[in-house]
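[1] Turn this into a model:
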Amino acid sequence: MKESGFTYLLLLFFVAILGVGLAVAGEAWHVSVQREKEEQLLFAGDAYRQAIELYYETSPGGVKQYPLKLDDLLRDPRFPNVRRYLRELYPDPITGKFDWELVMAPQGGIMGIYSPSKQAPMKRSGFDDLDAAFGDLAKQKKDKLTYRDWKFVYDPALALGRLSHGLF
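    Residues are numbered from 1 along each chain as shown. Here you go, the predicted structure:
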């Protein structure tokens, strides 16, 4: 009789330890997935920024233009031949949808994109040169930083320094 009580107690202890182990594993998995989504967001955002830059810098004639819609990055309507700056439109990895918010240029067109997510990013430092401003924002905003703050924008005035330093 006493042995069955001891076995029952041992089984309860084992289930409790298993539950704690699964909780820790679930948290580690969640962190891993979130970091992967952030890397995908940085990749997609940089791809859009570079495509917008190529679109802008290869404008025919003397007037530089931004794309009017993201689809223009798949096939540039300004040229008779097919010109592509992106192979495909990437969804926002954070939301999993094609719901990018657009940064509009003062003279018209799209100069950048950003995620509509109000979720706080895990990454706060260690960004590439093109995204170094995201680290500065993390210091300024601290706990109020969201993915919406990561804006992937092509600004020709800022790009002159990049081009002269051979980053492109």
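[2] Just give the closest residue to the spatially most central residue of the chain, not the sequence neighbours.
    A centroid search over the chain (CA atoms, centre = their mean) returns L41, at 2.0 Å, as the residue closest to the centre. The spatially closest residue to L41, leaving aside those adjacent along the chain, is P93, at 5.0 Å (CB to CB, 6 or more residues apart in numbering). All C-beta spots, glycine's among them, are computed from the backbone N, C-alpha and C.
[3] Now for the one you found: which residues touch it?
    Contact partners of P93, counting by CB atoms under 8 Å, 6 or more residues apart in numbering, are 37-38, 40-41, 44.
[4] Output those as TSV; include the columns secondary structure.
    TSV is the format used below for the contacts of P93 (DSSP: H, G, I helix; E, B strand; the rest coil):
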residue	secondary structure
K37	helix
E38	helix
Q40	helix
L41	helix
A44	helix
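[5] Looking at those residues, which is nearest F13?
    Ranked by distance to F13 (CB to CB), these are led by K37 at 36.9 Å.
[6] Tell me which residues are up against stretch 35-55.
    Here stretch 35-55 makes contact (CB under 8 Å, 6+ apart) with 65-67, 70, 72-73, 76, 85-86, 90-94, 100, 110-115, 121-123, 127-128, 130-131, 147, 150, 152-154, 159, 168.
[7] Now, of those residues, which are buried?
    The neighbour count (16 or more other CB atoms under 10 Å) marks 65-67, 70, 72-73, 76, 85-86, 90, 92-94, 100, 110-115, 121, 123, 127, 130-131, 147, 150, 152-154, 159 as buried among the contacts of stretch 35-55.
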